[in-house]
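Novice: 3D, please:
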Amino acid sequence: MSRIYFDNAATTALDPEVLDVMMPYLTEKFGNPSSVYSYGRETKMAVELARKSVAQQLNAHPSEIFFTSGGTESNNTAIQASVRDLGCRRIITSSIEHHAVGHTIDFIKNEGLVKVDYVNLLPNGHIDMQHLEELLSMSLEKTLVSLMHGNNEIGNLLNLFEAGKLCEKFNVIFHSDTVQTIGHFPFDLRNTPVHFITGAAHKFHGPKGVGLLYINENVRINPFLFGGGQERNMRAGTENVYGIVGFAKALELSTINHEKDSKQINEVRLYMYDELKKNIPEVSFNGDVTGESLYTVLSVNFPKSDKSELLLFNLDIQNICASIGSACASGVEEGSHVINALNPASENITVRFSFSKYNTKEEVDVVVGKIKSLI
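Specialist: Numbering: from 1, shown residues only. Take a look at the predicted model:
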(Lines give C-alpha, C1' and ligand atoms only; values in the text may rest on other atoms or scores of the structure.)
Protein backbone atom coordinates (compact mmCIF):
# COMPACT_ATOMS: atom_id res chain seq x y z
CA MET A 1 0.00 0.00 0.00
CA SER A 2 1.38 3.44 -0.93
CA ARG A 3 1.90 5.97 1.83
CA ILE A 4 -0.88 8.44 2.68
CA TYR A 5 0.50 11.71 4.00
CA PHE A 6 -1.87 13.73 6.19
CA ASP A 7 0.67 15.81 8.13
CA ASN A 8 1.04 18.84 5.88
CA ALA A 9 0.94 21.32 8.77
CA ALA A 10 4.30 19.81 9.82
CA THR A 11 5.82 20.03 6.34
CA THR A 12 4.76 19.71 2.71
CA ALA A 13 6.21 17.93 -0.32
CA LEU A 14 8.45 20.08 -2.52
CA ASP A 15 6.62 21.15 -5.68
CA PRO A 16 8.51 19.90 -8.79
CA GLU A 17 8.28 23.39 -10.33
CA VAL A 18 9.99 24.81 -7.25
CA LEU A 19 12.78 22.24 -7.48
CA ASP A 20 13.28 23.15 -11.15
CA VAL A 21 14.01 26.81 -10.38
CA MET A 22 16.27 25.84 -7.45
CA MET A 23 18.46 23.37 -9.36
CA PRO A 24 20.68 25.87 -11.22
CA TYR A 25 21.64 27.42 -7.85
CA LEU A 26 22.55 23.96 -6.51
CA THR A 27 24.78 23.31 -9.52
CA GLU A 28 26.42 25.79 -11.89
CA LYS A 29 25.21 29.06 -10.25
CA PHE A 30 27.09 28.47 -7.01
CA GLY A 31 28.60 31.93 -6.44
CA ASN A 32 28.55 33.75 -3.11
CA PRO A 33 26.16 36.74 -3.40
CA SER A 34 28.73 38.92 -1.57
CA SER A 35 31.37 38.34 -4.26
CA VAL A 36 31.87 41.17 -6.76
CA TYR A 37 32.58 39.06 -9.86
CA SER A 38 29.97 37.56 -12.20
CA TYR A 39 29.33 34.35 -10.20
CA GLY A 40 28.45 36.47 -7.18
CA ARG A 41 26.48 39.07 -9.10
CA GLU A 42 24.16 36.47 -10.66
CA THR A 43 23.28 34.95 -7.28
CA LYS A 44 22.88 38.41 -5.71
CA MET A 45 20.48 39.27 -8.53
CA ALA A 46 18.53 36.03 -7.89
CA VAL A 47 18.12 36.91 -4.19
CA GLU A 48 16.92 40.44 -4.95
CA LEU A 49 14.51 39.29 -7.66
CA ALA A 50 13.11 36.75 -5.17
CA ARG A 51 12.70 39.52 -2.57
CA LYS A 52 10.87 41.68 -5.09
CA SER A 53 8.59 38.77 -6.06
CA VAL A 54 7.75 37.93 -2.42
CA ALA A 55 7.03 41.60 -1.66
CA GLN A 56 4.72 41.76 -4.66
CA GLN A 57 2.75 38.66 -3.57
CA LEU A 58 2.29 40.10 -0.06
CA ASN A 59 1.72 43.71 -1.20
CA ALA A 60 4.72 44.89 0.81
CA HIS A 61 7.84 46.86 -0.09
CA PRO A 62 10.96 44.81 -0.92
CA SER A 63 12.86 46.66 1.83
CA GLU A 64 10.42 45.16 4.38
CA ILE A 65 11.24 41.55 3.40
CA PHE A 66 14.09 39.68 5.10
CA PHE A 67 15.01 36.04 4.45
CA THR A 68 15.85 33.82 7.43
CA SER A 69 16.34 30.12 8.18
CA GLY A 70 12.63 29.63 8.96
CA GLY A 71 9.68 30.59 11.12
CA THR A 72 11.46 29.90 14.40
CA GLU A 73 14.31 32.32 13.70
CA SER A 74 11.88 34.92 12.39
CA ASN A 75 9.65 34.71 15.48
CA ASN A 76 12.67 34.86 17.81
CA THR A 77 14.03 37.91 15.98
CA ALA A 78 10.75 39.84 16.12
CA ILE A 79 9.99 39.09 19.78
CA GLN A 80 13.49 39.63 21.13
CA ALA A 81 13.99 42.82 19.12
CA SER A 82 10.66 44.18 20.40
CA VAL A 83 12.02 43.91 23.94
CA ARG A 84 15.69 44.73 23.30
CA ASP A 85 15.36 47.49 20.69
CA LEU A 86 11.78 48.78 20.86
CA GLY A 87 11.57 48.94 24.66
CA CYS A 88 8.60 46.63 25.21
CA ARG A 89 8.30 45.75 28.91
CA ARG A 90 5.02 43.89 28.68
CA ILE A 91 3.89 41.12 26.33
CA ILE A 92 0.30 40.05 25.68
CA THR A 93 0.04 36.60 24.11
CA SER A 94 -2.04 33.40 24.34
CA SER A 95 -1.51 29.97 25.87
CA ILE A 96 -1.90 28.27 22.46
CA GLU A 97 0.95 29.90 20.52
CA HIS A 98 3.55 27.78 18.72
CA HIS A 99 6.55 26.92 20.93
CA ALA A 100 8.74 29.16 18.71
CA VAL A 101 6.76 32.04 20.23
CA GLY A 102 5.76 30.63 23.62
CA HIS A 103 9.23 29.40 24.61
CA THR A 104 10.86 32.63 23.46
CA ILE A 105 8.47 34.67 25.60
CA ASP A 106 9.03 32.32 28.57
CA PHE A 107 12.79 32.82 28.27
CA ILE A 108 12.51 36.63 28.22
CA LYS A 109 10.04 36.54 31.12
CA ASN A 110 12.36 34.31 33.19
CA GLU A 111 15.20 36.77 32.55
CA GLY A 112 13.03 39.37 34.32
CA LEU A 113 12.81 41.60 31.26
CA VAL A 114 9.04 41.60 30.74
CA LYS A 115 5.70 41.03 32.39
CA VAL A 116 3.46 38.62 30.44
CA ASP A 117 -0.35 38.60 30.26
CA TYR A 118 -2.35 35.83 28.61
CA VAL A 119 -5.53 36.68 26.73
CA ASN A 120 -8.57 34.47 27.43
CA LEU A 121 -9.75 31.87 24.95
CA LEU A 122 -13.39 31.39 23.95
CA PRO A 123 -14.80 27.84 24.29
CA ASN A 124 -14.18 27.17 20.57
CA GLY A 125 -10.52 28.15 20.88
CA HIS A 126 -10.73 31.64 19.38
CA ILE A 127 -9.02 34.60 21.03
CA ASP A 128 -11.40 36.63 23.25
CA MET A 129 -11.04 40.00 21.51
CA GLN A 130 -12.98 41.78 24.25
CA HIS A 131 -10.49 40.54 26.84
CA LEU A 132 -7.61 41.57 24.57
CA GLU A 133 -9.00 45.11 24.51
CA GLU A 134 -9.34 45.08 28.31
CA LEU A 135 -5.71 43.96 28.70
CA LEU A 136 -4.54 46.64 26.28
CA SER A 137 -6.40 49.36 28.20
CA MET A 138 -4.95 48.31 31.57
CA SER A 139 -1.35 49.47 31.24
CA LEU A 140 0.72 52.38 29.99
CA GLU A 141 3.90 50.24 29.63
CA LYS A 142 5.29 49.77 26.13
CA THR A 143 3.61 46.53 25.00
CA LEU A 144 4.10 43.80 22.42
CA VAL A 145 1.09 41.74 21.33
CA SER A 146 2.08 38.37 19.85
CA LEU A 147 -0.83 36.29 18.52
CA MET A 148 -0.68 33.70 15.76
CA HIS A 149 -2.77 34.09 12.62
CA GLY A 150 -3.59 30.39 12.10
CA ASN A 151 -3.20 27.83 14.88
CA ASN A 152 -1.08 24.89 13.74
CA GLU A 153 -2.91 22.33 15.93
CA ILE A 154 -6.61 23.24 15.87
CA GLY A 155 -6.69 25.47 12.78
CA ASN A 156 -8.44 28.52 14.27
CA LEU A 157 -7.87 31.80 12.43
CA LEU A 158 -7.37 35.17 14.07
CA ASN A 159 -8.84 38.21 12.32
CA LEU A 160 -5.45 39.80 11.62
CA PHE A 161 -6.89 43.16 10.58
CA GLU A 162 -9.18 43.44 13.63
CA ALA A 163 -6.35 42.52 16.02
CA GLY A 164 -4.03 44.97 14.24
CA LYS A 165 -6.52 47.84 14.47
CA LEU A 166 -6.89 47.18 18.20
CA CYS A 167 -3.09 47.28 18.62
CA GLU A 168 -2.97 50.46 16.56
CA LYS A 169 -5.63 52.06 18.80
CA PHE A 170 -3.49 51.45 21.90
CA ASN A 171 -0.18 52.22 20.13
CA VAL A 172 1.41 48.81 20.78
CA ILE A 173 3.74 46.63 18.70
CA PHE A 174 1.92 43.78 16.92
CA HIS A 175 3.68 40.56 15.90
CA SER A 176 1.83 37.65 14.32
CA ASP A 177 3.19 34.17 13.66
CA THR A 178 1.78 33.62 10.17
CA VAL A 179 3.75 30.44 9.43
CA GLN A 180 0.56 28.42 8.76
CA THR A 181 -1.06 31.15 6.62
CA ILE A 182 1.67 32.63 4.38
CA GLY A 183 1.31 30.73 1.12
CA HIS A 184 -2.24 29.69 2.02
CA PHE A 185 -4.13 33.00 2.22
CA PRO A 186 -3.83 36.33 0.36
CA PHE A 187 -1.99 39.07 2.28
CA ASP A 188 -2.20 42.83 1.81
CA LEU A 189 0.49 44.13 4.15
CA ARG A 190 0.29 47.73 2.92
CA ASN A 191 -3.21 47.83 4.39
CA THR A 192 -2.80 45.56 7.42
CA PRO A 193 -1.71 47.19 10.71
CA VAL A 194 1.05 44.76 11.73
CA HIS A 195 4.73 45.33 12.60
CA PHE A 196 6.12 41.81 12.15
CA ILE A 197 4.91 38.65 10.39
CA THR A 198 6.76 35.39 9.74
CA GLY A 199 6.74 32.56 7.22
CA ALA A 200 8.41 29.26 6.27
CA ALA A 201 8.63 27.95 2.71
CA HIS A 202 8.24 24.28 3.64
CA LYS A 203 4.64 24.89 4.77
CA PHE A 204 3.56 25.65 1.17
CA HIS A 205 5.56 23.24 -0.99
CA GLY A 206 8.85 25.14 -0.83
CA PRO A 207 12.19 23.97 0.59
CA LYS A 208 13.03 23.54 4.28
CA GLY A 209 15.54 25.85 5.92
CA VAL A 210 14.31 29.16 4.50
CA GLY A 211 11.90 31.60 6.07
CA LEU A 212 10.58 35.12 5.93
CA LEU A 213 10.52 38.01 8.37
CA TYR A 214 8.43 41.03 7.40
CA ILE A 215 9.45 44.16 9.30
CA ASN A 216 7.19 47.16 8.72
CA GLU A 217 9.11 50.05 7.20
CA ASN A 218 8.37 52.25 10.24
CA VAL A 219 10.16 49.84 12.60
CA ARG A 220 13.91 50.02 13.26
CA ILE A 221 15.61 47.09 15.01
CA ASN A 222 19.16 45.78 15.34
CA PRO A 223 20.34 42.49 13.81
CA PHE A 224 19.65 39.21 15.60
CA LEU A 225 22.78 37.63 14.07
CA PHE A 226 26.06 39.54 13.73
CA GLY A 227 29.09 38.93 11.55
CA GLY A 228 28.33 40.28 8.09
CA GLY A 229 26.34 42.83 6.13
CA GLN A 230 23.92 40.42 4.42
CA GLU A 231 20.17 41.11 4.24
CA ARG A 232 20.88 44.84 4.30
CA ASN A 233 22.83 44.51 7.57
CA MET A 234 19.90 42.76 9.26
CA ARG A 235 21.05 39.10 9.20
CA ALA A 236 24.68 38.06 9.02
CA GLY A 237 25.60 34.90 7.12
CA THR A 238 25.87 33.80 3.51
CA GLU A 239 22.43 33.70 1.97
CA ASN A 240 20.63 30.41 1.31
CA VAL A 241 20.34 31.31 -2.38
CA TYR A 242 18.60 28.18 -3.69
CA GLY A 243 16.26 28.24 -0.68
CA ILE A 244 15.36 31.90 -1.24
CA VAL A 245 14.74 31.27 -4.96
CA GLY A 246 12.55 28.28 -3.97
CA PHE A 247 10.64 30.35 -1.40
CA ALA A 248 9.74 32.97 -4.00
CA LYS A 249 8.64 30.37 -6.59
CA ALA A 250 6.55 28.43 -4.04
CA LEU A 251 4.82 31.64 -2.93
CA GLU A 252 4.21 32.69 -6.54
CA LEU A 253 2.62 29.30 -7.37
CA SER A 254 0.49 29.27 -4.22
CA THR A 255 -0.75 32.79 -5.00
CA ILE A 256 -1.63 31.94 -8.61
CA ASN A 257 -3.39 28.70 -7.63
CA HIS A 258 -4.92 29.86 -4.34
CA GLU A 259 -8.58 29.79 -5.35
CA LYS A 260 -8.44 26.35 -6.99
CA ASP A 261 -6.18 24.69 -4.40
CA SER A 262 -7.90 26.08 -1.29
CA LYS A 263 -11.31 24.95 -2.56
CA GLN A 264 -10.04 21.42 -3.31
CA ILE A 265 -8.16 21.07 0.00
CA ASN A 266 -11.12 22.30 2.04
CA GLU A 267 -13.43 19.85 0.28
CA VAL A 268 -11.12 16.98 1.29
CA ARG A 269 -10.93 18.26 4.89
CA LEU A 270 -14.71 18.66 5.28
CA TYR A 271 -15.27 15.27 3.60
CA MET A 272 -13.09 13.68 6.30
CA TYR A 273 -15.00 15.62 8.97
CA ASP A 274 -18.31 14.22 7.67
CA GLU A 275 -16.99 10.67 7.20
CA LEU A 276 -15.54 10.51 10.72
CA LYS A 277 -18.83 11.73 12.21
CA LYS A 278 -20.70 9.06 10.24
CA ASN A 279 -18.36 6.17 11.01
CA ILE A 280 -16.79 6.70 14.46
CA PRO A 281 -19.09 6.81 17.50
CA GLU A 282 -18.37 9.62 19.99
CA VAL A 283 -15.81 11.34 17.74
CA SER A 284 -15.44 15.08 18.38
CA PHE A 285 -13.38 17.95 16.98
CA ASN A 286 -11.30 20.85 18.27
CA GLY A 287 -11.53 24.42 17.07
CA ASP A 288 -13.93 26.23 14.78
CA VAL A 289 -13.94 23.52 12.07
CA THR A 290 -16.70 24.93 9.85
CA GLY A 291 -16.07 28.59 10.69
CA GLU A 292 -12.95 30.76 10.84
CA SER A 293 -10.38 28.03 10.35
CA LEU A 294 -7.41 26.95 8.26
CA TYR A 295 -8.69 24.88 5.33
CA THR A 296 -5.69 22.58 5.85
CA VAL A 297 -6.18 21.36 9.45
CA LEU A 298 -8.62 18.97 11.19
CA SER A 299 -8.07 18.21 14.89
CA VAL A 300 -9.97 15.06 15.91
CA ASN A 301 -10.72 13.59 19.37
CA PHE A 302 -11.21 9.84 19.70
CA PRO A 303 -12.58 8.33 22.95
CA LYS A 304 -9.75 6.91 25.07
CA SER A 305 -9.37 3.13 25.00
CA ASP A 306 -6.55 0.58 24.80
CA LYS A 307 -6.96 0.58 21.03
CA SER A 308 -7.21 4.34 20.49
CA GLU A 309 -4.10 4.98 22.61
CA LEU A 310 -2.09 3.09 19.99
CA LEU A 311 -3.92 4.71 17.06
CA LEU A 312 -1.07 6.82 15.70
CA PHE A 313 1.39 3.94 16.00
CA ASN A 314 -1.01 1.61 14.17
CA LEU A 315 -1.73 4.19 11.46
CA ASP A 316 2.03 4.48 10.91
CA ILE A 317 2.25 0.70 10.46
CA GLN A 318 -0.48 1.08 7.80
CA ASN A 319 1.64 3.76 6.02
CA ILE A 320 -0.63 6.61 7.12
CA CYS A 321 1.13 9.74 8.41
CA ALA A 322 -0.68 12.02 10.88
CA SER A 323 0.27 13.88 14.04
CA ILE A 324 -0.50 13.36 17.73
CA GLY A 325 -2.19 16.19 19.57
CA SER A 326 -3.30 14.76 22.90
CA ALA A 327 -3.00 16.46 26.26
CA CYS A 328 -1.80 13.08 27.57
CA ALA A 329 -0.63 10.31 25.25
CA SER A 330 1.31 7.15 25.93
CA GLY A 331 4.78 7.22 24.40
CA VAL A 332 4.75 11.02 24.32
CA GLU A 333 6.72 12.72 27.05
CA GLU A 334 4.74 15.92 26.94
CA GLY A 335 1.21 16.32 25.60
CA SER A 336 -0.07 19.15 23.43
CA HIS A 337 -0.13 22.48 25.27
CA VAL A 338 -2.88 23.63 22.89
CA ILE A 339 -5.25 20.73 23.67
CA ASN A 340 -4.35 21.07 27.36
CA ALA A 341 -5.33 24.74 27.31
CA LEU A 342 -8.67 24.01 25.64
CA ASN A 343 -9.64 20.77 27.40
CA PRO A 344 -7.41 20.26 30.47
CA ALA A 345 -9.53 17.43 31.90
CA SER A 346 -9.99 15.57 28.61
CA GLU A 347 -8.78 11.98 28.29
CA ASN A 348 -9.50 11.83 24.57
CA ILE A 349 -6.85 10.78 22.11
CA THR A 350 -6.35 13.72 19.75
CA VAL A 351 -4.95 13.34 16.24
CA ARG A 352 -4.28 16.18 13.82
CA PHE A 353 -4.86 15.47 10.14
CA SER A 354 -3.58 18.20 7.81
CA PHE A 355 -4.02 18.37 4.07
CA SER A 356 -2.43 19.66 0.87
CA LYS A 357 -3.25 19.92 -2.83
CA TYR A 358 -1.87 16.39 -3.27
CA ASN A 359 -4.53 14.76 -1.03
CA THR A 360 -7.76 13.14 -2.26
CA LYS A 361 -11.14 11.98 -0.95
CA GLU A 362 -10.13 8.43 -1.89
CA GLU A 363 -7.28 8.70 0.63
CA VAL A 364 -9.79 9.87 3.25
CA ASP A 365 -11.92 6.76 2.59
CA VAL A 366 -8.88 4.54 3.16
CA VAL A 367 -7.87 6.37 6.38
CA VAL A 368 -11.39 6.42 7.86
CA GLY A 369 -11.78 2.72 7.04
CA LYS A 370 -8.48 1.94 8.80
CA ILE A 371 -9.43 4.00 11.85
CA LYS A 372 -12.78 2.23 12.04
CA SER A 373 -11.06 -1.18 11.99
CA LEU A 374 -8.39 -0.10 14.50
CA ILE A 375 -10.65 1.34 17.20
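
Novice: Show me what stretch 9-23 is in contact with.
Specialist: With contacts defined as CB atoms under 8 Å, 6 or more residues apart in numbering, stretch 9-23 is touched by 5, 152-153, 180, 202-208, 242-243, 245-246, 249-250, 253, 294, 296-297, 323, 352, 354, 356, 358. Yep, even glycine has a C-beta here, placed from its N, CA and C like the rest.

Novice: State the mean pLDDT of that stretch.
Specialist: For stretch 9-23, mean pLDDT rounds to 98.

Novice: Pull out the buried residues from it.
Specialist: 9, 12, 14-15, 18-19, 21-22 (16 or more other CB atoms under 10 Å).

Novice: could I get the residues you listed as CSV with secondary structure?
Specialist: As requested, these are exported to CSV (DSSP: H, G, I helix; E, B strand; the rest coil):
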residue, secondary structure
9, coil
12, coil
14, coil
15, coil
18, helix
19, helix
21, helix
22, helix
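
Novice: in the lowest-mean-pLDDT helix or strand in the chain, what counts as buried?
Specialist: The weakest-scoring helix or strand in the chain, judged by mean pLDDT, DSSP states H and E, is helix 306-309 (a mean of 84). Buried residues in helix 306-309, defined by neighbour count with 16+ other CB under 10 Å: 308-309.

Novice: same deal with stretch 105-120?
Specialist: By neighbour count on 16+ other CB under 10 Å, the buried set for stretch 105-120 is 105, 108, 114, 117-119.

Novice: could you measure residue 171 against residue 105, distance?
Specialist: Using CB to CB, to the nearest Å, residue 171 is found at 21 Å from residue 105.

Novice: now, which of the contacts of stretch 9-23 lie within helices?
Specialist: Per DSSP state H, helices hold the following members of the contacts of stretch 9-23: 242-243, 245-246, 249-250, 253.

Novice: Highest neighbour count among those?
Specialist: Ranked by the number of neighbours (other CB atoms under 10 Å), the ones in helices among the contacts of stretch 9-23 place residue 246 first, at 31 neighbours.

Novice: how close does the most centrally placed residue in the chain sit to residue 254?
Specialist: Centre of the chain computed as the mean C-alpha position; nearest residue by CA atoms, centre = their mean is residue 179, 2.4 Å away. Using CB to CB, residue 179 is found at 14 Å from residue 254.

Novice: related to what we said a few turns ago, ok, of the contacts of stretch 9-23, which come out buried?
Specialist: 5, 152-153, 180, 202-208, 242-243, 245-246, 249-250, 253, 294, 296-297, 323, 352, 354, 356.

Novice: Which of these fall within strands?
Specialist: Members of the buried ones among the contacts of stretch 9-23 lying in strands (criterion: DSSP state E): 5, 297, 323, 352, 354.

Novice: quick one: contacts for the residue nearest to the centre of the chain?
Specialist: Contacts of residue 179 by CB under 8 Å, 6+ apart are 71, 75, 98, 100, 148, 152, 198-200, 203.

Novice: try 6 Å this time
Specialist: Residue 179 is in contact with 71, 198, 200, 203, counting by CB atoms under 6 Å, 6 or more residues apart in numbering.

Novice: domains of the protein?
Specialist: 16-256, 258-374 (automatic domain parsing).

Novice: show me where the protein has strands.
Specialist: Using DSSP E, strands in the chain cover 4-5, 65-68, 90-93, 115-118, 143-146, 173-176, 196-200, 211-215, 284-286, 297-302, 320-321, 323-324, 349-354.

Novice: Any stretches of the protein with poor pLDDT?
Specialist: Within the chain, the stretches with pLDDT under 70 are 1, 325-334.

Novice: ok so, going back, dump the ones in helices among the contacts of stretch 9-23 to TSV, plus distance to residue 133.
Specialist: Formatted as TSV, the ones in helices among the contacts of stretch 9-23 follow (distance: CB to CB, whole Å):
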residue	distance to residue 133
242	45
243	40
245	42
246	40
249	40
250	37
253	38
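
Novice: So which of those is the closest to residue 339?
Specialist: residue 250 (29.9 Å; CB to CB).

Novice: Setting aside sequence neighbours, what's the nearest residue to the closest one?
Specialist: Of all residues not flanking residue 250 in the chain, residue 206 sits nearest, at 3.2 Å (CB to CB, 6 or more residues apart in numbering).

Novice: Kindly report the same for residue 220.
Specialist: residue 85 is the one closest to residue 220 (CB to CB, 6+ apart), at 7.4 Å.

Novice: Return the distance of the one you found relative to residue 169.
Specialist: Where residue 169 is concerned, residue 85 sits at a distance of 23 Å (CB to CB).

Novice: circling back: which of the ones in helices among the contacts of stretch 9-23 sits closest to residue 271?
Specialist: For those, the nearest to residue 271 is residue 253 (24.3 Å; CB to CB).
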